[in-house]
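# below is the sequence, then the predicted model.
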Amino acid sequence: MGDLLNVSSSPHVRCKLTTQRIMLMVIISLLPATIFGVINFYAVSGLNSLLLILVTIATCVLTEYVFNLVLKRKQTINDLSAVVTGLLLALNFPSTLPWYLAIIGGFFAIFFVKMVFGGLGQNFMNPALAARCFMVISFAGYMTNFPLDAMGRATPLTLLKAGESVDVFKMFFGNISGTIGETSVIAILIGAIILLAFGIIDITIPGMYILTFSVFILLFGKHGFDMHFLTAHLCGGGLMFGAFFMATDYVTSPITTKGRIIYGAILGILTGLFRIYGASAEGVSFAIIFSNLLVPLIDKISMPLPFGFEKTGGKKNE
Amino acid sequence: MGDLTFKGGVHPYEGKELSMDKPIKEYRPKGELVYPLSQHIGAPAKPVVTIGEHVKIGQLIAAADGFMSAPIYASVSGTVKAFDKRMNAMSNYVDSIVIENDNNYESVEFSEVEDVTKLTREEIMERITKSGIVGMGGAGFPQHVKLSPKEPEKIEYIIADCAECEPYLTSDYRLMMEEPESLVEGMKILVSLFDNARGYIAIENNKPDCIEKVKALVKDNDKIEVKVLETKYPQGGERQIIFATTGRKLNSSKLPSDLGCIVLNNSSIMNMYKAVKFGRPLTHRIVTITGEAIKDPRNFDVPLGTNFMELVEEAGGFVDTPAKIICGGPMMGFAVSNMDIPIVKTSGAMLCFLKDQVAMYESTHCINCGKCVEVCPQRLVPSRLAKLMEHNDIEGFEKMNGQECMECGSCNYICPAKKHLTQMIRTGRQTVLANRRKKK
């Protein structure tokens, strides 16, 4: 045999899971919430939510494509992460948002939050959430213009804040007002189960998040041990959506299990603080992007001790 | 389900079904045999034969050079043809003795003993030292050195590493299935060497038939027991198997004997038994020739020094042109640039792939998914270590305990960004070692 064979450093086998496949799984797991959102808001705003989803995804992918093209970088749109960002962002829009604002949001997410920092893996904030917060601040009127539900009422959390009662059952199924993707807890949970079952995310962050948040609400919610109030808070706003799809974003969450526990707890406390004591009814987005900024610190204090090391001192001299 | 294990690790495709049911077949080499002088950790052996000299099976051809070394014996009868530089599995040209096979298979007389229990410890150790046995799982650590700890009375566990956790390899499994007695007899000898030692035979639970056979053989022995391990890579790693069977934790600054343990590979133990009982030095080993590219994957009993190419032909040759050939297992073996290399004491397998899985994927940016952290049996943060190496930050690499890595390849296997984590960390470790040597 005259030809030389391929050589490389061990190991010589690789598992089939790739970044692209992970992103694809995230997209698939977002579909129940997406489909539900489009149907749910069809009555009040027609197919505008579908238009928003498509426009946002297209803007995100195009921004990344052009950015790479102009800077003569290797094309990265194949990893599908821009599609995920676009979809996540669109699901955070109210169904009534004008489509041209979706373009601004998508561009902001990919250009300012992701690409200028070096692209996938380098951003320090979740692009979709950062863009949402930017939009909420810049276009507050449009971003909080939730269509009234069939009974002509505002979002459950706003009602809850005002001290009115809400129908928890409806909130679980999602026949309520809110952003396109956040209303149906059951659709979100179906997606979450897909992600958990395929090992794309682990339960640590959402688990800790929901647990800490529940404890916070029971202690400081000013309603005592009121299960109805707690369930309404858990099902309301973007909590479930944020816990399973936003807080678990790999890039902007800690890398170790210990770090993820701390991160989840911080998320729960911050969300509770914002919701109970804050001026607005919602607090998930800001809690998550604020915690994103803490991730380098959390990582620093949660580095694992290598196998066989003692807690005190550790390494002996050779 | 109660089977012993460690934290972390991966489950690559096992591929053992290709060759696990193929009985070991004796192979007689045709052409010349090549014996590299360095088939073990430590000083290379020193040749004691001259060109043109006639040698027999079992005749010493290169003697151990000091304590940390191992002798080499002829595995065929024939004529010493040359002292030459030949390529080994790591693609280095190394000093070797070349012997032309005369196909007569004449053997020297071996001194068999009637009853091994009548031998003194010194006699046993002498027979082991002379046999040239090294860690046959791949590390090549001379066995007599392992069996000479500083404080022998502190040795509590002799662990027979029968995990064979590397995918595709079946040589240890076949050996255990076909002669489990040698393993158990070998363990008896080992346990008798130390006053306070118990023997653990640790086998992964994907070999139930094997576990049954060995269990039946040790059921009346109160010093040796079978420990069933979960099937997971790298279960057979020294630190992992010690932890799984005894709960003790070893790090890079300690030796297993510091924790009262000695870990030996099963084929090393079986050959040691033959050395003590029959006086036979190490001249043969079991080699698995397997992989999707091989027509008839098999296990062979081969004289050391045989050329791999001959064995591939004996296994039916290739189905199609192989893209990659690995000497050893897929996780820690060496990819070779050609097959013209000899079988040495540590070569357990040759693995031929039709596809090169490493070249198939492109490396992309780390997405911080944390899967490498989850699987790292050493509880390191491989992605961060690799990043430090990308920035050439050797100091940071040492600070993050990069030296604790055992290069098992689990992080590299699991990485969805397909980064070459193990390779980068390996470079880091070698740089650190080189720097330390410079300072001294």
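Here it is on my side, so go on. Numbers count the residues shown, from 1 in each chain, chains lettered A, B, ... in the order given.
# contacting residues for the most centrally placed residue in chain A?
Geometric centre of chain A, nearest residue: A:M246, 1.4 Å, by Cα atoms, centre = their mean. Listed by Cβ atoms under 8 Å, 6 or more residues apart in numbering or on different chains, the contact set of A:M246 reads A:L88, A:N126, A:A128, A:L129, A:G238, A:V284, A:S285, A:I288. All C-beta atoms are positioned from the backbone trio N, CA, C, and that covers glycine.
# the third one: what secondary structure?
This means A:A128. Following DSSP: H, G, I helix; E, B strand; the rest coil, we place A:A128 in the helix state.
# state the distance from it to B:G329.
42 Å (Cβ to Cβ, to the nearest Å).
# now for the helix or strand hosting A:S291, which elements pack on it?
Element membership for A:S291 (DSSP states H and E) is helix A:284-301. Judged by 3 or more Cβ pairs under 8 Å, 6 or more residues apart in numbering or on different chains; DSSP states H and E, the packing partners of helix A:284-301 are helix A:127-138, helix A:257-277.
# the shortest one - what's its average pLDDT?
For helix A:127-138, the mean per-residue pLDDT is 93.
# over to stretch A:68-75?
93.
# number of nearby residues for residue 130?
Here I'm looking at chain A. Using other Cβ atoms under 10 Å in any protein chain shown, A:A130 has 23 other residues around it.
# look at chain B instead
Quick note: B:K130 (other Cβ under 10 Å) scores 18 neighbours.
# also A:T179?
A:T179 has 26 nearby residues by other Cβ under 10 Å.
# OK, contacts around it?
Per Cβ under 8 Å, 6+ apart, neighbours of A:T179: A:G37, A:L91, A:N92, A:F93, A:P94, A:S95, A:F146, A:G238.
# report the separation between it and chain B.
In this view, A:T179 and chain B are 26 Å apart by Cβ to the nearest Cβ, to the nearest Å.
# surely B:E404 and A:P306 touch.
Yes. Assessed by Cβ atoms under 8 Å, B:E404 is found in contact with A:P306 at 4.4 Å.
# common neighbours of the two, please.
Contacts common to B:E404 and A:P306, judged by Cβ under 8 Å, 6+ apart, are B:N251, B:Q378, B:L380.
# of those residues, which one scores lowest on pLDDT?
Lowest confidence among the shared contacts of B:E404 and A:P306: B:N251, with 90.
# what is the neighbour count of that one?
Other residues close to B:N251 by other Cβ under 10 Å number 18.
# where does the prediction get shaky in the stretch 151-300 of chain A?
Applying pLDDT under 70 to the stretch 151-300 of chain A flags residues A:151-154.
# buried among the contacts of A:T179? Need that as a selection in ChimeraX.
This is how ChimeraX selects the buried members of those, with burial counted by 16 or more other Cβ atoms under 10 Å in any protein chain shown:
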select /A:37,91,92,93,94,95,146,238
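# which residue is nearest the centroid of chain B?
Centre-nearest of chain B using Cα atoms, centre = their mean is B:G137, 1.4 Å out.
# residues near the nearest residue to that residue once chain neighbours are set aside, how many?
Nearest in space to B:G137, with sequence neighbours left out and distances taken as Cβ to Cβ, 6 or more residues apart in numbering or on different chains, is B:N265 at 3.7 Å. For B:N265, the count of nearby residues is 26 (other Cβ under 10 Å).
# dump the residue contacts of B:N265.
Per Cβ under 8 Å, 6+ apart, neighbours of B:N265: B:G135, B:M136, B:G137, B:A160, B:D161, B:D172.
# show me what residue of the stretch 1-150 of chain B gets nearest to chain A.
Using Cβ to the nearest Cβ, the single residue of the stretch 1-150 of chain B nearest to chain A is B:P12, 5.4 Å away.
# does the helix or strand harbouring B:N435 reach chain A?
Secondary structure assignment for B:N435, by DSSP H and E: helix B:421-439. Yes. For helix B:421-439, a contact with chain A is found by Cβ under 8 Å from any Cβ of the partner chain, at B:T422, B:Q423, B:R426.
# just put the residues you listed in CSV and tack on neighbour count, pLDDT and distance to A:I210.
Shown next, in CSV, are those (neighbours: other Cβ atoms under 10 Å in any protein chain shown; pLDDT from 0 to 100; distance: Cβ to Cβ, whole Å):
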residue, neighbour count, pLDDT, distance to A:I210
B:T422, 25, 95, 37
B:Q423, 19, 94, 40
B:R426, 19, 95, 41
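# so which bits of stretch B:283-295 are buried?
Buried residues in stretch B:283-295 (16+ other Cβ under 10 Å): B:T283, B:H284, B:R285, B:I286, B:V287, B:T288, B:I289, B:T290, B:G291, B:E292, B:A293, B:I294.
# please check the contacts of A:M246 and keep the buried ones.
A:L88, A:N126, A:A128, A:L129, A:G238, A:V284, A:S285, A:I288.
# and of those residues, the nearest to B:N392?
Within the buried ones among the contacts of A:M246, the smallest distance to B:N392 is 30.4 Å, found for A:N126 (Cβ to Cβ).
# any idea how far chain B is from the closest one?
12 Å.
# one more: A:I201?
9 Å.
# what sits against that residue?
A:I201 sits in contact with A:A192, A:L195, A:F244, A:T248, where contact means Cβ under 8 Å, 6+ apart.
# nearest spatial neighbour of the third one, skipping sequence neighbours?
With Cβ to Cβ, 6+ apart as the measure, A:A192 is the residue that lies nearest to A:F244, at 4.0 Å, once sequence neighbours are left out.
# likewise for the last one?
When the adjacent residues along the chain are set aside, A:T248 lies closest to A:I201, with 4.4 Å between them (Cβ to Cβ, 6+ apart).
# turn the contacts of A:I201 into JSON lines, columns for secondary structure, distance to B:N196 and neighbour count.
Shown next, in JSON lines, are the contacts of A:I201 (DSSP: H, G, I helix; E, B strand; the rest coil; distance: Cβ to Cβ, whole Å; neighbours: other Cβ atoms under 10 Å in any protein chain shown):
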{"residue": "A:A192", "secondary structure": "helix", "distance to B:N196": "53", "neighbour count": "23"}
{"residue": "A:L195", "secondary structure": "helix", "distance to B:N196": "51", "neighbour count": "22"}
{"residue": "A:F244", "secondary structure": "helix", "distance to B:N196": "54", "neighbour count": "25"}
{"residue": "A:T248", "secondary structure": "coil", "distance to B:N196": "51", "neighbour count": "25"}
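# residue ranges with poor pLDDT in chain B?
B:1.
# helices along that one, start to end?
Assigned helices in chain B, in chain order: B:121-131, B:143-146, B:171-178, B:180-193, B:208-218, B:238-246, B:266-278, B:308-314, B:357-360, B:371-375, B:382-390, B:394-399, B:410-414, B:421-439 (criterion: DSSP state H).
# equivalent analysis for the stretch 151-300 of chain A, please.
Here the stretch 151-300 of chain A has its helices, by DSSP state H, counting those that start in this stretch, at A:156-161, A:168-173, A:185-197, A:204-220, A:227-235, A:239-241, A:257-277, A:284-301.
# list the buried residues of the fourth one.
Taking 16+ other Cβ under 10 Å as the basis for neighbour counts, the residues of helix A:204-220 that come out buried are A:T204, A:I205, A:P206, A:M208, A:Y209, A:I210, A:T212, A:F213, A:S214, A:F216, A:I217, A:L218.
# is the residue of the stretch 51-200 of chain A found nearest chain B in a helix, a strand, or coil?
Using Cβ to the nearest Cβ, the closest approach of the stretch 51-200 of chain A to chain B is made by A:G121 at 3.8 Å. Secondary structure, three-state DSSP: A:G121 is coil.
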